[in-house]
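1. Predicted model follows, preceded by the sequence.
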Amino acid sequence: TVNGLEKPKNYKLRPGDDIEVESFDPEEPDAVPQDIPLDIVYEDGDLIVVQKPKGMVVHPAAGNYTGTVVNALLGRNQEYAEEFDGETDPVRPGIVHRLDKDTSGCLVIAKNGVAMHKLCRSFAEREIAKVYAAIVAPCPKVLSAEIKTQIGRHPVNRKKMAVVRSGGKEALTRFTSLKRGKIGNVSAALLQVRILTGRTHQIRVHMSYFGSPVIGDGTYGGNGRIAAPRQMLHAWKLSFPHPFTREELSFEAPFPADFQEYANKIQE
């Protein structure tokens, strides 16, 4: 309140105003077991690879406390989190990388603390190859390209990421066109995209910066030309050395039906 009264948001404060703020403790997310089926691609005693569907969050957080991959893992084994012995955030047991809520595809998860540490190190040392499929519009002017910039928080909208000149983190993305043509009267392309760094929203930010945003991505300009029910981004292939045996493991998640539908719409 200002001077004992609730004021509209556009009220301009003046010297001498008496401001009172009522604080509250934010709700702490908690991971509870839920009976949610997971599409398991591979599993052994140390790790599990799942094909995450669109619309599913990886771990509980503000606004998404249930229905996540972690809730599903606990539903399979309520003692799952105990394997980490307090070594990690209790709502993120085994999570070594994430996919956005509306990005589908391959996700690897550790099943114990040692495996989690080793997999995190593999990500940090770029031993893990991540290949995505993306449908973008308009069609890039070149068949392939490398995009290397810094990515950081958007200077105005702090909920978004952006290419920044300084103060961000290095981000490196490479793409190759798999199919080029039009969806309706708008040029579009199906791309194979490899990221060599793992920055938040990296592909979405880089393709928007390149002038060919991922269709369906309202946050980064992808809804302007072709409407889609979600961002057409899919974590297609994942390769990495096993955290203990060092055997090279490779996985591929087939395109989900909605993604394939839009890929088929591209008429060459």
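-> Structure's in. What do you need? Residues are numbered from 1 along each chain as shown.
2. in this structure, which spans are helices?
-> Counting by DSSP state H, the chain has these helices, from start to end: 69-76, 113-124, 202-209, 257-265.
3. tell me what the first one is packed against?
-> Taking 3 or more C-beta pairs under 8 Å, 6 or more residues apart in numbering; DSSP states H and E as contact, the helices and strands that helix 69-76 lies on are strand 47-52, strand 104-110. Where C-beta positions appear, they are placed from N, C-alpha and C, glycine not excepted.
4. Relative to Asn185, which of the helices of the chain is closest?
-> Among the helices of the chain, the nearest to Asn185 by C-beta to C-beta is helix 257-265 (12.1 Å).
5. Can I get that closest one in CSV, CA atoms only?
-> Listed next in CSV are the C-alpha coordinates belonging to helix 257-265 (Å, rounded to 0.1, in the frame of the first residue of the first chain):
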residue,chain,number,x,y,z
ALA,A,257,3.1,-37.4,-34.6
ASP,A,258,2.7,-33.6,-34.4
PHE,A,259,6.3,-32.9,-35.4
GLN,A,260,6.1,-35.4,-38.3
GLU,A,261,2.8,-33.7,-39.4
TYR,A,262,4.5,-30.4,-39.8
ALA,A,263,7.6,-31.9,-41.4
ASN,A,264,5.3,-33.5,-44.0
LYS,A,265,3.7,-30.1,-44.7
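6. returning to that earlier point: export the helices and strands packed on helix 69-76 as CSV, with columns for mean neighbour count.
-> Compiled in CSV, these are given as follows (neighbours: other C-beta atoms under 10 Å):
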stretch, mean neighbour count
strand 47-52, 22
strand 104-110, 25
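7. possible to save the ones you listed as JSON lines with mean pLDDT and distance to Glu82?
-> JSON lines is the format used below for the helices and strands packed on helix 69-76 (pLDDT from 0 to 100; distance: least, C-beta to C-beta, whole Å):
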{"stretch": "strand 47-52", "mean pLDDT": "97", "distance to Glu82": "16"}
{"stretch": "strand 104-110", "mean pLDDT": "97", "distance to Glu82": "14"}
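8. Turn those strands into CSV, columns for distance to Gly216.
-> Compiled in CSV, the helices and strands packed on helix 69-76 are given as follows (distance: least, C-beta to C-beta, whole Å):
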stretch, distance to Gly216
strand 47-52, 17
strand 104-110, 12
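9. Any idea which of these gets closest to Ser212?
-> Of all these, the one in closest proximity to Ser212, counting by C-beta to C-beta, is strand 104-110 (19.9 Å).
10. then that closest one to PDB, C-alphas only?
-> Output of strand 104-110 as PDB, limited to C-alpha atoms (Å, rounded to 0.1, in the frame of the first residue of the first chain):
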ATOM      1  CA  SER A 104      10.100 -33.600 -27.000                       C
ATOM      2  CA  GLY A 105      12.800 -36.200 -27.300                       C
ATOM      3  CA  CYS A 106      15.700 -38.000 -25.600                       C
ATOM      4  CA  LEU A 107      16.500 -37.200 -22.000                       C
ATOM      5  CA  VAL A 108      19.200 -39.100 -20.000                       C
ATOM      6  CA  ILE A 109      18.900 -39.300 -16.200                       C
ATOM      7  CA  ALA A 110      21.300 -40.700 -13.600                       C
END
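11. Make 9 the first number, not 1, from now on.
-> Sure, I'll start numbering at 9, so the last one becomes strand 112-118.
12. Give me the residues contacting that strand.
-> 49, 54-62, 66, 77, 81, 102-107, 124, 127, 136, 140, 241-246, 248, 251, 259-261, 264, 267 (C-beta atoms under 8 Å, 6 or more residues apart in numbering).
13. let's see it at 7 Å
-> Outside strand 112-118, the residues that touch it by C-beta atoms under 7 Å, 6 or more residues apart in numbering are 49, 54-62, 66, 77, 81, 102-104, 107, 124, 127, 242-246, 248, 259, 261, 264, 267.
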